[in-house]
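Q: no sequence on this one, just coordinates:
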């Protein structure tokens, strides 16, 4: 919720808590915060694009009903959600997807890539967890080249790798670190997928507003 992003003195100036909550829910249902985030990323530098995913622990109060529809799954570590994020050449978030916490990153990657216009992108970079011939073909079909290292148990070589660029993959990790500074992102309290999507979108928008 937005309370975790602003201090208490800010909310007392905005009105009653119930009024603020209802307004915020209307924004969620109309995806206004997603639209705000989309508006801010028009000047993204897409020469290089980096993708990765991170686990988000789902609070016990966020679990109810059909959890799979709300991108929550249960594992040995408890209930969790995953944020799959793409960042530009400067490490600024450009799009994201949510999935349940047990779905492998490489299965969500094609849908994440399809949300980015890669027509002006030279390289899409990811770690070896994304090593998949099907994903490489999807990236090539999107009009760019991959910079994804192959796993040790494959018989192919890494002659295609730009290792200097690969070192810059920390940019997407840095973006996750910035997003997780917000308590409402670092731990999922929202029951509905749409609500949590808008919470993450608001945090992403804050990163762009600082530029």
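A: Cool, got the structure. What you are looking at is a predicted structure, and each value in this text was computed from that prediction instead of being measured.
Q: only C-alpha atoms for contact and neighbour calcs from this point on.
A: Fine.
Q: which SS state does the nearest residue in space to residue 51 that is not next to it in sequence fall under?
A: In this structure, residue 51 finds its nearest non-sequential neighbour in residue 86, 4.4 Å apart by CA to CA, 6 or more residues apart in numbering. Classification of residue 86 by DSSP: H, G, I helix; E, B strand; the rest coil places it in strand.
Q: Please give me every residue in contact with residue 86.
A: 49-52, 93-96, 112, 172 (CA atoms under 8 Å, 6 or more residues apart in numbering).
Q: Between the two ends of stretch 151-161, how far is it?
A: 13 Å (CA to CA, to the nearest Å).
Q: May I see the buried residues of it?
A: By 16 or more other CA atoms under 10 Å, the buried positions in stretch 151-161 come out as residue 151.
Q: average model confidence for that stretch?
A: Mean per-residue pLDDT for stretch 151-161: 86.
Q: same check, this time on stretch 98-110
A: Rounded mean pLDDT across stretch 98-110 is 96.
Q: Doesn't residue 136 lie inside a strand?
A: No. Counting by three-state DSSP, residue 136 is located in no strand; its state is helix.
Q: Tell me which residues touch residue 67, please.
A: Contacts of residue 67 by CA under 8 Å, 6+ apart are residue 73.
Q: Other residues contacting the longest helix anywhere in the chain?
A: Longest helix in the chain by number of residues, with DSSP state H as the criterion: helix 193-209. Here helix 193-209 makes contact (CA under 8 Å, 6+ apart) with 1-2, 25, 28-29, 31-34, 36-37, 40-41, 69-71, 92-93, 98, 178-179, 182, 184-185, 188-190.
Q: Right, I'll call it a day here.
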